[in-house]
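[1] What would the 3D arrangement of this be:
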Amino acid sequence: MPYLVKQRHRAPAVTAPVVPDSSLPRVCVIGGGSSGLAAAKALYTAGVPFDCFEKGTTVGGNWVLDNPNGQSACYETLEINTSCPRMAFSDFPMPEHYPAYARHDQVADYFNAYVDHFGFRDRITFSTTVTEVTPTADDKWRVRTSDADGDTVIEYDAVLVANGHHWDPRWPEPAYPGTFEGEQIHAHDYRSSSQLAGRDVVVVGSGNSALDISVEAGRIARSAHLSQRRGQWVLRKFLLGRPADQVALPGWLPWWVTAARLRLAAVTSGSVAKLGLPQPDHKPGQSHPVQSEGIRDALRSGRVQPHPGISRLDRQHVEFADGTRVPADLIVWATGYNVTFPFLAPSLVAADDNDLPLWKRTVHPDLPGLYFIGLLQPIGAVMPLAEAQSRWIVEQLIGRYVAPPRDEVRRQMLADHERNRRQFYSSARHTMEVDFDYYLWDLRREQRRGARRATRTSDARGVASAPVAR
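    Next up is the predicted model:
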């Protein structure tokens with residue numbers, strides 16, 4: 001069944017308090033954003049003892065405008081690019097009165113309601129930063145945290161990393177030649193159109209944020225320019241009168257069907273290359289989808305001027321690869337993010353140009369007990385996938401799932417990584433790409449296989465085949 005259908009039931013009554021089972025492994029969750037909340041809820045309802053540490057004072061992560069944790073890239077016009085039913089957690093639908101694509105404040109309210117509905121807010125420690133995570137000699141993990149009262153060190157059986165991957169700005173490297181006397185900001189620092197008002201703005205990038213900021217600049221800036229080195233297929237959010245991601249056939253579908261749907265969306269949306277942006281040199285489906293309802297009108301009206309990549313900066317001007325030159329006093333670099341883990345030693349885990357192969361985008365085969373939640377870029381929303389990852393991890397923690405041998409884990413990991421590399425063009429943007437529906441199907445299949453391995457393991461030990469805690 002497609003994920004959308006599973007969203008149509010109403011949420012159950014508020015969950016009764018769950019008492020942690022001290023015989024189960026003790027777990028640390030890093031982050032109180034959407035992925036950390038999915039992990040915390042799965043652990044809480046299963047009775048697994050855990051601590052969740054959030055750097056800021058509220059839940060919601062990237063969806064909280066001016067989040068006190070300083071890591072949110074949220075801006076005033078931000079709304080989801082995945083429709084509400086496809087973004088919501090499976091057992092907690094978004095309110096029926098929400099629009100097809102919710103605003104950032106509605107998403108933040110949804111996450112707060114999710115926490116309160118399942119009753120685990122008191123399990124989240126706010127205003128606390130995880131500063132160091134190190135393995136111990138006895139296969140545990142030592143976690144150092146810092147708050148207003150100082151540092152604390154606690155040992156855990158497992159650590160679930162959910163610190164997000166849209167908070168460490170990625171700037172052009174190497175920097176463009178020349179000097180610039182105006183202001184330069186990364187899209188991570190953009191909050192509202194007031195930063196653009198009355199200015200000569202150049203936005204650099206081809207993702208969703210770049211298009212959103214360009215549309216706002218076209219509305220309020222003195223002049224607005226959009227620079228792209230590489231073209232993208234820009235899809236509309238609605239297809240055949242419905243949210244585009246809800247126009248799909250039921251059940252699991254192979255990747256070529258998903259790619260065909262994206263090609264249909266690209267054709268019906270119309271080519272932005274006809275409006276002056278670069279012609280994409282890849283097929284629809286070979287890059288992460290970009291969506292915008294406003295960029296075509298902004299380009300067509302001339303409010304936003306399209307340009308190729310930058311060749312150099314010249315004090316109060318920007319020169320482009322085609323020789324054109326425009327005045328500028330603000331450059332907005334919408335050039336993506338680095339994947340970093342400031343609490344993990346680079347010798348332990350390092351993403352080489354954002355490339356960090358993981359089994360099912362969750363498990364590092366050489367680091368048992370360390371799991372990554374939401375460290376993927378789906379053709380769809382992260383939240384349902386983070387939920388599925390969290391449930392899978394909980395099954396392992398409580399003894400209902402047994403992983404295959406490490407060599408098989410590594411083999412599968414490399415095979416999946418290579419398949420994704422073939423499906424998407426090579427860039428730091430696509431190192432974590434997955435197909436939403438296939439990922440959920442594949443993870444459910446692995447859970448069933450692991451459950452059978454757990455039963456065989458229990459039977460071979462001469463104990464009851466019922467689930468056991470490790």
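[2] just checking, what packs against the lengthiest helix in the chain?
    In the chain, assigned by DSSP state H, the helix with the most residues is helix 436-460. Applying 3 or more CB pairs under 8 Å, 6 or more residues apart in numbering; DSSP states H and E, one finds that helix 436-460 contacts helix 255-269, helix 383-397. Quick note: C-beta positions are derived from backbone N, CA and C, even for glycine.
[3] Kindly report which one of these carries the lowest mean pLDDT.
    When these are ranked by mean pLDDT, helix 255-269 comes last with a mean of 67.
[4] mean confidence score for the longest helix of the chain?
    Across helix 436-460, pLDDT averages out at 90.
[5] now it and helix 383-397, what's the angle there?
    10 degrees (axes from the mean of the first three to the mean of the last three CA atoms, to 10 degrees).
[6] How far off centre is helix 436-460?
    24 Å (CA atoms, centre = their mean, to the nearest Å).
[7] Please apply the same query to stretch 231-243.
    The mean C-alpha position of stretch 231-243 is separated from the chain mean by 20 Å, CA atoms, centre = their mean.
[8] now do stretch 25-34
    Here the centre of mass of C-alpha atoms in stretch 25-34, compared against the chain's by CA atoms, centre = their mean, lies 16 Å away.
[9] now the helices for this structure?
    Taking DSSP H, the helices of the chain run over residues 34-45, 84-87, 104-118, 208-220, 255-269, 295-301, 383-397, 406-423, 436-460.
[10] and these, which is most packed in?
    Neighbour counts averaged per stretch over the helices of the chain are highest for helix 34-45, at a mean of 27; criterion: mean count of other CB atoms under 10 Å.
[11] mean confidence score for it?
    Taken as a whole, helix 34-45 has an average pLDDT of 98.
[12] which residues sit in contact with the nearest residue to residue 223 once chain neighbours are set aside?
    Of all residues beyond its chain neighbours, the one nearest residue 223 is residue 200 (4.7 Å), with distances taken as CB to CB, 6 or more residues apart in numbering. Listed by CB atoms under 8 Å, 6 or more residues apart in numbering, the contact partners of residue 200 are 182, 221-223, 326-330.
[13] got a list of what the nearest residue to residue 229 once chain neighbours are set aside touches?
    If the residues on either side of it in the chain are set aside, residue 229 comes closest to residue 309, at 3.5 Å by CB to CB, 6+ apart. For residue 309, the contacting residues are 227-229, 320-321, by CB under 8 Å, 6+ apart.
[14] hmm, which of those residues are the buried ones?
    227-228, 320 (16 or more other CB atoms under 10 Å).
[15] Mind putting those into CSV with pLDDT and distance to residue 364?
    As requested, the buried ones among the contacts of residue 309 are exported to CSV (pLDDT from 0 to 100; distance: CB to CB, whole Å):
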residue, pLDDT, distance to residue 364
227, 98, 37
228, 97, 35
320, 98, 42
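[16] From those residues, pick the one nearest residue 297.
    Compare each of the buried ones among the contacts of residue 309 with residue 297 using CB to CB and the shortest gap goes to residue 228, at 17.8 Å.
[17] Provide the backbone phi and psi angles at the closest one.
    phi -140, psi 130 (degrees, to the nearest 10).
[18] Find the nearest non-adjacent residue to it, please.
    For residue 228, the nearest residue in space outside its immediate sequence neighbours is residue 206; the separation is 4.5 Å by CB to CB, 6+ apart.
[19] OK, contacts around that neighbour?
    If a contact means CB under 8 Å, 6+ apart, then residue 206 has 228-232, 290 as its contacts.
[20] Dump the helices of the chain into JSON lines; add distance to residue 175 as well.
    Shown next, in JSON lines, are the helices of the chain (distance: least, CB to CB, whole Å):
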{"stretch": "helix 34-45", "distance to residue 175": "32"}
{"stretch": "helix 84-87", "distance to residue 175": "36"}
{"stretch": "helix 104-118", "distance to residue 175": "31"}
{"stretch": "helix 208-220", "distance to residue 175": "18"}
{"stretch": "helix 255-269", "distance to residue 175": "33"}
{"stretch": "helix 295-301", "distance to residue 175": "27"}
{"stretch": "helix 383-397", "distance to residue 175": "35"}
{"stretch": "helix 406-423", "distance to residue 175": "28"}
{"stretch": "helix 436-460", "distance to residue 175": "36"}
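[21] Among those, which comes closest to residue 243?
    Distances from residue 243 to each of the helices of the chain were compared by CB to CB, and the smallest falls on helix 84-87, at 7.8 Å.
[22] Quick one: list the elements packing against the closest one.
    For helix 84-87, the elements it packs on are helix 383-397, judged by 3+ CB pairs under 8 Å, 6+ apart.
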